[in-house]
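>>> Make a model of this:
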Amino acid sequence: MRIAAFPKGDLHEMVVRRTKPVFEWIEEARTLGVDGLELHTGFLWDSGGAYLDRVGEAITDAGFAMPMMCASPDFTHPDRDERAREVERHASHMRATARLGGPGAVCRVLSGQAHPEVALEQGLDWAAEAITSLLPLAAELGIRLAIENHYKATGWAYVEFAQAPDVFRALLARIPDREHFGVQFDPSNALVAGADPPDFLRSVVDRVITMQASDRYREPAPPGLAGSGPRSAATRPDGAGRPGASASEASAASSAPADYASLKHGVIGQGLNDYDKIFSILVDAGYDGWISIEDGVNGLDELAASAAFLREARDRWFGGSTEVRVRALEAYR
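Next comes the predicted model:
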């Protein structure tokens, strides 16, 4: 298992305000004791080849790999032309992933936003068609796409269309490719979606090719936001998971905002996620791949503590292996 790091706490400065260049993050990460850096497309302030090569050289010079690229396409946008532009933008992100990460690198995909006017079956069709249309390019570039069980991307107005576990699995079932497409598992997002993270992992583990690791702890919700907690679409009494239900209905079924507000980021291994159970499931499934730390919301010290936790976990659960071998991909090596 190899460990990467992703600076969750710096997203506003690096992606929105653009006051912290990626080169500064690369230098900071030298202190973490990780093997690689997961980048975000928003960290790349220029799409030109010369700039990308400078980023790649900085990563290499610091002794890191770049195994994972975080991208957030909106394939469920109700406007046909905008969906086409999202596909083109994602193709550009895939080329950057290949340039910086080389063969075997993984570019994240999402379904898209839960636009209120988009029905469930329509959104599933659009997301599956868009992702499937990009798989030939993934093959050409020698990279893979991985769809993450996600909550909400930076800058989005709505939560993830496929946030509910049953909607996520329905989308996964529509994309049978296992050579260039898989799952990026995030236990904290499963928690936010109202699922039991180990149970959710068991349901998709045969398609997991990358993992983001984070942890959450619960704080009391602010006054006025207290709710009954997240529920899955399958258990929603008004049938929001039914064919034809809107994406907003399905997503509302999976996660109440009150619960998200009460789940705070913290050091991995100290929160609500049962990592012993999660690692045992991964090991049983033959997963010995990249795990990227999504932390740092409360500062670099917490990110370093999360890295130390994963190094200990690597020794305990993966026999100290620093290989990248995933049984689900063995047939395609």
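
>>> List the buried residues in stretch 313-329.
Judged by neighbour count using 16 or more other C-beta atoms under 10 Å, the buried positions of stretch 313-329 are 313-314, 317-318, 324, 326, 328-329. Just so you know, the C-beta spots here come from the backbone N, C-alpha and C atoms, and that holds for glycine as well.

>>> just those now: which is nearest residue 176?
Using C-beta to C-beta, residue 328 comes nearest to residue 176 of those, at 13.2 Å.

>>> what secondary structure does the nearest residue to the closest one once chain neighbours are set aside sit in?
Take residue 328 and drop its neighbours on the chain: the residue closest to it by C-beta to C-beta, 6 or more residues apart in numbering is residue 206, 5.8 Å away. Three-state secondary structure (criterion: DSSP: H, G, I helix; E, B strand; the rest coil) places residue 206 in helix.

>>> looking at it, residue 206 is touching residue 287, isn't it?
No. With contact taken as C-beta atoms under 8 Å, residue 206 and residue 287 are classed as non-touching, separated by 9.9 Å.

>>> Identify the contacts common to those two.
Common contact partners of residue 206 and residue 287 (C-beta atoms under 8 Å, 6 or more residues apart in numbering): residue 328.

>>> Counting neighbours, go ahead and name the busier of these two.
In this view residue 206 and residue 287 are compared by other C-beta atoms under 10 Å, and residue 287 has more residues nearby, 26 against 14.

>>> got any ranges where the stretch 151-300 of the chain has weak pLDDT?
Per-residue confidence of the stretch 151-300 of the chain (counting by pLDDT under 70) places the weak regions at 220-260.

>>> Helices of that one, start to end?
The residue ranges that make up the helices of the stretch 151-300 of the chain, judged by DSSP state H, counting those that start in this stretch, are 165-173, 187-192, 197-204, 247-254, 257-262, 275-284, 300-317.

>>> Between these, which one is closest to residue 157.
Nearest to residue 157, of the helices of the stretch 151-300 of the chain and by C-beta to C-beta, is helix 247-254 at 10.8 Å.

>>> re earlier: for the helices of the stretch 151-300 of the chain, give me TSV that also has distance to residue 67.
What follows is these, written out as TSV (distance: least, C-beta to C-beta, whole Å):
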stretch	distance to residue 67
helix 165-173	21
helix 187-192	19
helix 197-204	20
helix 247-254	29
helix 257-262	28
helix 275-284	16
helix 300-317	14
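
>>> wait, which of these is closest to residue 10?
Proximity of the helices of the stretch 151-300 of the chain to residue 10 was assessed by C-beta to C-beta; the nearest stretch is helix 300-317, lying at 9.2 Å.

>>> The next helix or strand after the closest one - contacts with which helices or strands?
Proceeding N to C from helix 300-317, the next assigned helix or strand is strand 325-326, under DSSP states H and E. Applying 3 or more C-beta pairs under 8 Å, 6 or more residues apart in numbering; DSSP states H and E, we find strand 325-326 packed against strand 287-288.
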